[in-house]
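Enquirer: Coordinates for the following, if possible.
(one chain, ligands or ions: 1)
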Amino acid sequence: MVVGAALVRDGRLLVQQRAFPEDVAGLWEIPGGRVEPGETDVEGLRRECREELGVDVVVGDRVGAEVTLPNGMLFRVYAVTLDGAVEPRAVEHRALRWVTASELVELDWLPADQAFLPDLLARISPE
Ligand SMILES: Nc1nc2c([nH]c(=O)n2[C@H]2C[C@H](O)[C@@H](COP(=O)(O)OP(=O)(O)OP(=O)(O)O)O2)c(=O)[nH]1
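Expert: A predicted model of the protein is given here:
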């Protein structure tokens, strides 16, 4: 299971640019990662947000449908909010951006993410 965070603030979604592995470096994704054995989705997503962004989050409702990744893993997205005043920073990634709806559709996304872009767009207030 892979979990992803849909973090929207002031009508913008937080996205991050992968630095590795080489075949996907430069592509954009939402924060998250693999759920470890013994973790719930919520625990895994909170851990990944601490590791990748250096922030605590509150995990809310599911966003969109589950997607099957090319490696066979399931990918689930959850709405999250920041828990505290710490600003997210790119710990493991090349860059972070808060994007509007029109910027979101222009990014080079990891291929699997195309499936839930409409659900992410629906979470961003119209410009
Ligand atoms: N975090 C994240 N992973 C995604 C997205 N879309 C997508 O296909 N993936 C895939 C890439 C990887 O195969 C898998 C999770 O990758 P990851 O590198 O973030 O997870 P992780 O931190 O647990 O990885 P690892 O270093 O332990 O291998 O999910 C996305 O939007 N966000």
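Enquirer: Nearest residue to the residue most central in space within the chain in space, ignoring adjacent ones along the chain?
Expert: Nearest to the mean C-alpha position of the chain, counting by Cα atoms, centre = their mean, stands residue 30 at 2.2 Å. If you skip the residues right next to it in sequence, residue 30 has residue 4 as its closest partner in space, 4.5 Å away by Cβ to Cβ, 6 or more residues apart in numbering. For glycine as for every other residue, the C-beta is placed from the backbone atoms N, C-alpha and C.
Enquirer: what about the one you found, which helix or strand?
Expert: Element membership of residue 4, judged by DSSP states H and E, is strand 2-9.
Enquirer: repeat for residue 51
Expert: Assigned by DSSP H and E, residue 51 falls in helix 41-53.
Enquirer: Name the residues that touch that helix?
Expert: Residues from elsewhere that reach helix 41-53, judged by Cβ atoms under 8 Å, 6 or more residues apart in numbering: 1, 3-5, 14, 16, 31-36, 39, 55-57, 59, 76, 78, 80, 88-93, 96.
Enquirer: Kindly recompute the last result at 10 Å.
Expert: Helix 41-53 is contacted from outside by 1-5, 7, 14, 16, 31-36, 38-40, 55-60, 62, 76-78, 80, 82-83, 86-93, 96, using Cβ atoms under 10 Å, 6 or more residues apart in numbering.
Enquirer: got the buried residues for stretch 24-44?
Expert: Burial within stretch 24-44, assessed by neighbour count using 16 or more other Cβ atoms under 10 Å, is assigned to 28, 29, 30, 31, 32, 33, 35, 39, 41, 42, 44.
Enquirer: Do it and the ligand come into contact?
Expert: Yes - using Cβ under 6 Å from any ligand atom as the criterion, contacts between stretch 24-44 and the ligand involve 29, 30, 32, 33, 34.
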